[in-house]
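Novice: Have a look; sequence and predicted model below, questions after that.
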Amino acid sequence: MELVAKEIEVKIGKKEIVKNISIHVNKQQFVGLIGPNGCGKSTLLKSIYKSLVPQKGMVFLDDLDVLKSPEKKISQHLGVVGQFNEMHFDLTVQQMVMLGRTPHKKMLESDNQKDFDIVEEALTRTNLQAYKGRSFLSLSGGEKQRVILARTIAQQPQFMILDEPTNHLDIRYQIEILSCVKSLNIGVLAALHDLEMAAHYCDYLYAVKDGEVYAHGVPEDVLTPETIEALYHIKCKTFTNPVTNGLGFAYGL
Ligand SMILES: Nc1ncnc2c1ncn2[C@@H]1O[C@H](COP(=O)(O)OP(=O)(O)OP(=O)(O)O)[C@@H](O)[C@H]1O
């Protein structure tokens, strides 16, 4: 299975936010979207997961036409961890994660042992076992973020879209969450701000600037000082991070 977005265009009012962007995510590939605040990453992701209707373009999961298919059908294959997770009613953490099973169930079908086992595994993967009975609304921002990821894991999608999944998370949890997502071995499309994390976890990157793809390729080819300087209007040097042995970045104005 592959996730393909073709020639997506989004205009809000008179402003062109996404200009003819195409994205390809292969089975089990971790693809990152990078770019400065306001360049259009969230808008592009929203138009791929149907939270927003693009003026032009197509989205396919193999031959499933995402923009024309019912929500439930799409949710059986595609999970989303959005940027804002506000809720107005309260559930326990376990009940929240159980919601991830909904796309696989018939109307009013009750939760069975398999569902409970899947929820347990999702809670374990996200380090949330101890929070099972807690009220979702009482959690911190970072804890809520992990619950939303657990819910999406319980959905068992073949593809996941994540909009800045490490927002709210401390450094350890940023690493844990991205490692957890990577270990799922599914196709991933994630907007990321941390370039070292993007270099470490992504197989392929799209760099977006002013609503257009400025560069794309493997992280070593995209994350050059020249491209980073052009994207963020800063000075940048790259080096080998002595702790991770991966790509490191030094920035300045
Ligand atoms: N509903 C809207 N009405 C007007 N402008 C909008 C709307 N939604 C998004 N925009 C504008 O579109 C541009 C792109 O926003 P978007 O949220 O896609 O950027 P982003 O790359 O995800 O940014 P960030 O890194 O800050 O999350 C911004 O200038 C934003 O103000």
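Specialist: All right, it came through fine.

Novice: Any idea what the residue most central in space within the chain is bridged to?
Specialist: Closest to where the C-alpha atoms of the chain average out (Cα atoms, centre = their mean) is residue 162, at 1.1 Å. In this entry, residue 162 is beta-bridged to residue 81, residue 190, by DSSP bridges.

Novice: Distance check, it against residue 110.
Specialist: Using Cβ to Cβ, to the nearest Å, we find residue 162 at a distance of 30 Å from residue 110. No exception for glycine: its C-beta is placed from N, CA and C like everyone else's.

Novice: thought the residue nearest to the centre of the chain was touching residue 190?
Specialist: Yes: Residue 162 is in contact with residue 190 according to Cβ atoms under 8 Å; the separation is 4.1 Å.

Novice: Touching both of those two, which residues are there?
Specialist: Jointly contacting residue 162 and residue 190 under the rule Cβ atoms under 8 Å, 6 or more residues apart in numbering are residue 181.

Novice: Output the below-cut-off pLDDT ranges for this structure.
Specialist: For the chain, applying pLDDT under 70 flags the ranges 85.

Novice: Strands of that one, residue ranges please.
Specialist: Taking DSSP state E as the criterion, the chain contains strands spanning 3-12, 15-25, 30-34, 56-61, 64-65, 78-81, 159-163, 187-191, 204-209, 212-217, 235-240, 247-252.

Novice: Include distance to the ligand when you put the ones you listed into TSV, please.
Specialist: Shown next, in TSV, are these (distance: least, Cβ to the nearest ligand atom, whole Å):
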stretch	distance to the ligand
strand 3-12	4
strand 15-25	4
strand 30-34	8
strand 56-61	15
strand 64-65	23
strand 78-81	14
strand 159-163	7
strand 187-191	6
strand 204-209	7
strand 212-217	12
strand 235-240	18
strand 247-252	16
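
Novice: now the ones you listed as a markdown table including distance to residue 147?
Specialist: What follows is those, written out as a markdown table (distance: least, Cβ to Cβ, whole Å):
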| stretch | distance to residue 147 |
| --- | --- |
| strand 3-12 | 24 |
| strand 15-25 | 25 |
| strand 30-34 | 22 |
| strand 56-61 | 25 |
| strand 64-65 | 28 |
| strand 78-81 | 10 |
| strand 159-163 | 14 |
| strand 187-191 | 18 |
| strand 204-209 | 28 |
| strand 212-217 | 32 |
| strand 235-240 | 35 |
| strand 247-252 | 31 |
